[in-house]
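Engineer: here is a sequence together with a model predicted from it:
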Amino acid sequence: MKALFTILLLVTSNIFMTFAWYGHLKLQEMKISTSWPLILVILFSWGLAFFEYCAQVPANRIGFVDNGGPFNLIQLKVIQEVISLTVFTIIVAFMFKGQPLQWNHFAAFGCLILAVFFVFMK
């Protein structure tokens, strides 16, 4: 159960992270934030990043083996990276229509799946 909860929190965290990092670009594309000064864009992103941390920190605490979780630090990081790129790809596919997925993107994802396999190998 801790593994599932950790992964759900990491997914939530990465949704907020993706919007914090790239959402302002969509707002700019929609002509909402084109006149915002850079400091306002940064504050907007920081506001979203707060919620990312509200999920990321508990995910790592719950999932970490020294706290009774099922994952060591390397495993947590690799899981987080795979979730991060998966969430990013899904959001970009729906929000930024001009960013097509190509064969090399799928090859890179295959390598990430192999990374997860190898990090859990005994």
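Structural biologist: Perfect, thanks for sending it.
Engineer: which element is residue 75 on?
Structural biologist: Counting by DSSP states H and E, the secondary-structure element that holds residue 75 is helix 73-95.
Engineer: which helices and strands does that helix pack with?
Structural biologist: helix 2-29, helix 38-63, helix 103-120 (3 or more Cβ pairs under 8 Å, 6 or more residues apart in numbering; DSSP states H and E). For the C-beta atoms, the positions are set from N, CA and C on the backbone; glycine is no exception.
Engineer: buried stuff in that helix?
Structural biologist: 75-76, 78-80, 82-85, 87-89, 91-92, 95 (16 or more other Cβ atoms under 10 Å).
Engineer: cool, and stretch 49-66?
Structural biologist: 49, 51, 52, 55, 56, 58, 59, 60, 62, 63, 64.
Engineer: ok, how many other residues are close to residue 16?
Structural biologist: Burial measure for residue 16: 21 neighbouring residues, criterion other Cβ atoms under 10 Å.
Engineer: apart from its chain neighbours, what residue comes closest to it?
Structural biologist: Setting aside the residues directly before and after it, residue 16 is nearest to residue 52 in space (Cβ to Cβ, 6 or more residues apart in numbering), at 3.9 Å.
Engineer: my guess is that neighbour contacts residue 10. True?
Structural biologist: No - look at residue 52 against residue 10 with Cβ atoms under 8 Å: they stay out of range, at 10.3 Å.
Engineer: got a list of what the residue nearest to residue 16 touches?
Structural biologist: Residues in contact with residue 52, defined by Cβ atoms under 8 Å, 6 or more residues apart in numbering, are 13, 14, 16, 17, 20.
Engineer: I'd say the last one and residue 55 touch.
Structural biologist: Think residue 20. No - counting by Cβ under 8 Å, residue 20 stays clear of residue 55, with 12.0 Å between them.
Engineer: distance check, the closest residue to residue 80 other than its chain neighbours against residue 55.
Structural biologist: Residue nearest to residue 80 in three dimensions, not counting chain neighbours: residue 10, with 5.5 Å by Cβ to Cβ, 6+ apart. Distance of residue 10 to residue 55, computed by Cβ to Cβ, to the nearest Å: 7 Å.
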